[in-house]
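Undergrad: need a 3D model of the sequence below.
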Amino acid sequence: MKLPADYSISAMREDEVATLGDWAAAEGWNPGLSDLKIAWESDPDAFIALRHANTLAGGGSIFSYGGEFGFMGLFIMRADLRQKGLGTVLWHWRLNRLLERLKPGAGICMDGVFDMVPFYERGGFKSAFRDVRYQGSAVGATDPDVATLGTGDFAKIAAYDRAFVPAARDAFLARWIAAPGVITMGLHENGKLAGYGVARPCREGFKIGPLFADRADIAERIAASLMERIAGQQVQIDVPEANLATVALAERFGLQMSFGCMRLYYGPAPALPIGRTFAVTSLEFG
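TA: Purely as a prediction, here's the structure:
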């Protein structure tokens, strides 16, 4: 299908990114207050707009991590323009453009809502596992061995983070942990970082992500410390269901499953330590 004559696809303007965020909130995705600003500052070429005349009709992101790996997210059509084939054109345009932005052979990841998985698989993606959102009221406890981490700790955070992602993301991560209202905490063993987690303010409450740790007990202690800092507020955590320990962890905190996506890969799936991944960073940016 081709676009009607009065439609076009091109790079998104910064003011349109805010509109995309409002649409995401209306869909119940509950984006972090700084998520889109961080993504824009890290990779402004990632945001793609479908316009009807000069009005935003749909959009999405095609994030590139240094050309080494890509992530497709935030795929939304304006509600009155769905089921018309326009989103199909936009999605394939975004995929082709992201492939152009990446080095040959680089993989692409996305988290797709379950109803759209057959469409994404027809587009060349392969399902890997489910990322499931757990939600509830934050209840935690202070742990004297879990410390607040700041910008001065960035080098060790980035070094630890690198094992959990397909490509280095220092520019993105530096902004992620330094955003207003963000809490970053970690636990050391034998003088080395053995896990860290981030809680960030969202349209409603907080999300915890990422949460990476050497073991489940470390992840639980970090999660408890983060939730003690936001006690009583709504908290959401997006966990890879393939890691049974993190599902059990979420349930021990009294959280309930509320939403889910399928993790899909285009090209080679990276060998990542899912057993040590207790919360993904973001369903929109990887």
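
Undergrad: ramachandran coordinates for Asp15?
TA: phi -70, psi -30 (degrees, to the nearest 10).

Undergrad: buried stuff in stretch 184-197?
TA: In terms of neighbour count (16 or more other Cβ atoms under 10 Å), stretch 184-197 has its buried residues at Thr184, Met185, Gly186, Leu187, Leu193, Ala194, Gly195, Tyr196, Gly197. All C-beta spots, glycine's among them, are computed from the backbone N, C-alpha and C.

Undergrad: identify all contacting residues around it.
TA: Residues outside stretch 184-197 that contact it (Cβ atoms under 8 Å, 6 or more residues apart in numbering): 143, 145-150, 153, 156-157, 159-161, 177, 198, 208-215, 218-219, 221-223, 225-226, 229, 278-279.

Undergrad: now, the buried residues of stretch 184-197 that are in strands?
TA: Thr184, Met185, Gly186, Leu187, Leu193, Ala194, Gly195, Tyr196, Gly197 (DSSP state E).

Undergrad: surely Leu3 and Val89 touch.
TA: Yes: contact status for Leu3 versus Val89: in contact at 5.6 Å, counting by Cβ atoms under 8 Å.

Undergrad: need the residues touching each of these two.
TA: Ile9, Leu50.

Undergrad: helix, strand, or coil at Met116?
TA: helix (DSSP: H, G, I helix; E, B strand; the rest coil).

Undergrad: that older thread, what's the most distant pair in the ones in strands among the buried residues of stretch 184-197?
TA: Spanning the widest gap among these are Thr184 and Ala194, at 14.7 Å by Cβ to Cβ.

Undergrad: got TSV for the ones in strands among the buried residues of stretch 184-197, with pLDDT and distance to Pro166 too?
TA: Shown next, in TSV, are these (pLDDT from 0 to 100; distance: Cβ to Cβ, whole Å):
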residue	pLDDT	distance to Pro166
Thr184	98	22
Met185	98	25
Gly186	98	22
Leu187	98	25
Leu193	98	20
Ala194	98	22
Gly195	98	20
Tyr196	98	19
Gly197	98	20
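
Undergrad: quick one on the thing from earlier: mind checking which of the contacts of stretch 184-197 are buried?
TA: 143, 146-147, 149, 153, 157, 160-161, 177, 198, 208-214, 218-219, 221-223, 225-226, 278-279.

Undergrad: follow-up on the earlier one: is it possible to get TSV of the buried residues of stretch 184-197 that adds distance to Gly107?
TA: Below are these laid out as TSV (distance: Cβ to Cβ, whole Å):
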residue	distance to Gly107
Thr184	28
Met185	31
Gly186	28
Leu187	31
Leu193	27
Ala194	28
Gly195	26
Tyr196	25
Gly197	26
